[in-house]
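just a sequence and a predicted model for now, questions to come.
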Amino acid sequence: MKLREFACSFTLLFSLAYAVRLAAQRPAEWTAPFPPFRIAGNLYYVGSGDLASYLIATPKGLILINGNLTSSPPLIRKSVEALGFRFSGIKILLISHAHYDHCGGSAEIIKQTGAKYEVMDGDVPVVESGGKSDFAYGAVKTMQFPPARVDRVLHDGDTVQLGSTVLTAHLTAGHTRGTTTWTMDERQGGRLLHVVIVGSPNVNSGYKLMGNTVYPQIAADYAHQFSVLKALPCDIFLGAHGGYFDLSDKYARWKAGDKDAFIDPAGYKAYVAEREQAFETELHRQKAATH
Ligand SMILES: [Zn+2]
């Protein structure tokens, strides 16, 4: 085995080991119960301490974004019902991206509600194989999840409509091939607010940005993602994990009476800029390592 091959195998083993450790040591915060609440208009938070789920209530039924972990549906159901909605009222299920912490609960939610599962094209094989076709974690058993059949394949720019609510699916790939950033508009206090739910701009530990034979265009996809995120108008900044947008701090302010706590265009811009910098730093590091 040549030194380069040895180094590659070592890196792969290391990243697999890291992934297994990551899955085994989920921070308790991820799944800690979190009070459900109205973010703005007909948009509600129904996730846990860090795994974000969003409920959109329309006169024609409910839309849920993210089923989270395989173990999450009972907690999501409790939150939906605590807000006064019927869980069976969920007509459409969407996800941020096809990783076990955002779509692990999808199969169970579909079973309980009969919701239509609408997923971005690049993530469809992953959700339908229960994670086995994931470009990075396909072989990691602890990151697999119950497979679920997709009812509608989404493409970049497609809209999901229920009643008069319209969500737009923006392909922001890289983290997965179908990572989706959702946008919608909400009215609050006579103001029109642009909502952005970031899918994930993160380059996970062990992701190969250079010479990735399984996902050759990964670096170009991340670069495209950042150009998309920077162009989106954002008032209400949300994402797949509460940590992206400081859920705990903002909720504390919201609870104390600041109903505008989630309006944070500057925070969104700063977050996207910081994540883009992190991507570029990692890309340069990997480029330097290949020379
Ligand atoms: Zn992920």
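Ah, there it is. Numbering: from 1, shown residues only.

what about A57, which SS state?
strand (DSSP: H, G, I helix; E, B strand; the rest coil).

who does it bridge with?
Counting by DSSP bridges, A57 is bridged to L62.

that one: neighbouring residues, count only.
Counted with other Cβ atoms under 10 Å, the neighbours of A57 add up to 21. (Glycine included, C-beta is placed from N, CA and C.)

my guess is it meets R86, correct?
No. A57 is beyond contact range of R86, at 10.7 Å (criterion: Cβ atoms under 8 Å).

intersection of neighbour lists for these two?
Residues within reach of A57 and of R86 at once, by Cβ atoms under 8 Å, 6 or more residues apart in numbering: there are none.

for the stretch 101-250 of the chain, which spans come out with low pLDDT?
For the stretch 101-250 of the chain, applying pLDDT under 70 flags no range at all.

and the strands in it, which stretches?
116-120, 152-154, 159-162, 165-171, 180-188, 191-198, 236-239 (DSSP state E, counting those that start in this stretch).

in the chain, spot the helix with the most residues.
Secondary structure of the chain per DSSP state H: the longest helix is helix 265-290.

buried sites along that one?
267-268, 271-272, 275-276, 279, 282-283, 286 (16 or more other Cβ atoms under 10 Å).

what of stretch 161-174?
Residues of stretch 161-174 classed as buried: 162, 165, 167-174 (neighbour count, 16+ other Cβ under 10 Å).

so which of those residues comes closest to A40?
T165 (12.5 Å; Cβ to Cβ).

any idea how far stretch 232-244 is from the chain center?
Relative to its parent chain, stretch 232-244 has a centroid offset of 10 Å by Cα atoms, centre = their mean, to the nearest Å.

rewinding a little: out of the strands of the stretch 101-250 of the chain, which gets nearest to F34?
strand 236-239 (13.6 Å).

for that closest one, buried residues please.
Neighbour count says strand 236-239 has 236-239 buried, by 16+ other Cβ under 10 Å.
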